[in-house]
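Chemist: whatever this is, show me its structure:
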Amino acid sequence: MSPQTNTTAAAGTWRLGDLTVNRVGFGAMRLTGTAPFDRGVPRDREQAIGVLRRAVELGVNHIDTAAFYFSATRSANELVNRALAPYPEDLVIATKVWPGRDASGAWWWAAPEQLRGQVEENLRQLGRDHLDVVNLRVPPSRRTGSISEHFGALAELRDAGLIRHLGVSNVTSWQLAEARAIAPVVCVQNPYGVGAASQDRALLRLCGELGLAFVPFFAIAGAGREAGPAAGDSEEVCAVARAHGVSPAQVRLAWTLQQGPHVLAIPGTGDPGHLAQNVAAGALRLSKEELARLASLRPAAV
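Modeler: Residues are numbered from 1 along each chain as shown. Below you'll find the predicted structure:
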């Protein structure tokens, strides 16, 4: 095994505006417990801190988090702050706004004028004076509507110096165009992985043409979403995993990364062993035949 296979260097780099990141990053959603939010058993605090520090040691310099990633006893942002501050100069922390959760854990969606409060909440929790990247996470109910008012409010916060770069999340190609007409967009964060629908594949290609980072979430979990991957993966994925002597999760990550040099990965875990596997997936190269075999799968098959 070459020295690069156990670090993020094997997968290469991409740009978020003027910030260069390794293509294998880290998602903080699963740091707070065995399931996101309040649905699982809380993680051991010191283990979660250790996972974050180990991620940086392995070359991760792109962490995706949010103020609404919290359980009754754990906050992802607070864990990131505790583990990594003072932050390395090359570390890029991306967060997201529009959704929020109150102290009881109940969800709410911000009006445009409330986005500043959400940005400031992330700043306080992370101990930063600005946020590197803020994604506007579009609610499912607005997937066919305009996002101009909300994105315009974030653009004002960028002009005020609270945000360095802007991204969009859970958007359509039309909403991406709408946002880009207001202010520069550096990334699109949408669900994507083996079995992705045709419109998702088209948006990934569009981002490549525009030079934008495409940052898929649920690349491992697939249809399981926040609940995580299904106990039994599809036979096609398992067959490729057996051929390489790796896990199905690693195959899913490798397949996603090989969809284009602009595709980043943000797999999340609170388990040190899974972290090492996720990073190692950046060095896994699938053949053209394997890529095509997995590309032919559709949601019903995965």
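
Chemist: just give the closest residue to residue 98, not the sequence neighbours.
Modeler: Closest residue to residue 98 apart from its sequence neighbours, by C-beta to C-beta, 6 or more residues apart in numbering: residue 137 at 4.9 Å. No exception for glycine: its C-beta is placed from N, CA and C like everyone else's.

Chemist: identify the bridge partners of the one you found.
Modeler: residue 169 (DSSP bridges).

Chemist: change the start of the numbering to 888 and stick with it
Modeler: That works, and once the first residue is 888, the last one we named lands at residue 1024.

Chemist: for residue 1082, see how far away residue 1183 is.
Modeler: 10 Å (C-beta to C-beta, to the nearest Å).

Chemist: check contacts around the closest residue to residue 1169 other than its chain neighbours.
Modeler: Leaving out its chain neighbours, the residue that sits closest to residue 1169 by C-beta to C-beta, 6+ apart is residue 898, at 3.2 Å. If you count contacts by C-beta atoms under 8 Å, 6 or more residues apart in numbering, residue 898 has them with 909-911, 1144, 1152, 1169-1170.

Chemist: let's see if you can find the most crowded of the residues you listed.
Modeler: residue 911 (29 neighbours; other C-beta atoms under 10 Å).

Chemist: any weak-confidence spans in the chain?
Modeler: 888-893, 1108-1119, 1186-1189 (pLDDT under 70).

Chemist: and if we set it to 90?
Modeler: 888-895, 921-930, 990, 1028, 1030-1031, 1082-1086, 1105-1122, 1183-1189 (pLDDT under 90).

Chemist: what about the strands in it?
Modeler: Counting by DSSP state E, residue ranges of the strands within the chain are 900-903, 906-909, 913-914, 949-951, 979-984, 986-988, 994-996, 1018-1024, 1050-1056, 1074-1076, 1100-1101.

Chemist: what's the fifth one packed up against?
Modeler: This means strand 979-984. strand 949-951, helix 1002-1013, strand 1018-1024, strand 1074-1076 (3 or more C-beta pairs under 8 Å, 6 or more residues apart in numbering; DSSP states H and E).

Chemist: among those, which is nearest residue 1156?
Modeler: Nearest to residue 1156, of all the helices and strands packed on strand 979-984, is strand 949-951, at 12.6 Å by C-beta to C-beta.

Chemist: what does that closest one contact?
Modeler: With C-beta under 8 Å, 6+ apart, strand 949-951 has contacts from 903, 908-909, 912-916, 939, 942, 967, 978-983, 1076, 1102, 1104, 1151, 1153, 1155.

Chemist: from those, which would you call buried?
Modeler: 903, 908-909, 912-916, 939, 942, 967, 978-983, 1076, 1102, 1104, 1151, 1153, 1155 (16 or more other C-beta atoms under 10 Å).

Chemist: could you check how far the closest residue to residue 1135 other than its chain neighbours is from residue 1126?
Modeler: Nearest residue to residue 1135, sequence neighbours excluded (C-beta to C-beta, 6+ apart): residue 1120, at 4.0 Å. Distance, residue 1120 to residue 1126, using C-beta to C-beta: 10 Å.

Chemist: what about stretch 1062-1079, how long is it end to end?
Modeler: 17 Å (C-alpha to C-alpha, to the nearest Å).

Chemist: for the residue nearest to the spatial centre of the chain, which residues are in contact?
Modeler: Taking C-alpha atoms, centre = their mean as the criterion, residue 1153 is the residue nearest the geometric centre of the chain, at 4.1 Å. Residues near residue 1153 by C-beta under 8 Å, 6+ apart: 912-914, 949, 951, 1102-1104.

Chemist: please apply the same query to residue 936.
Modeler: Counting by C-beta under 8 Å, 6+ apart, residue 936 has contacts 966, 969-970.

Chemist: mind running it again at 10 Å?
Modeler: Residue 936 makes contacts with 918, 930, 966-967, 969-971, as judged by C-beta atoms under 10 Å, 6 or more residues apart in numbering.
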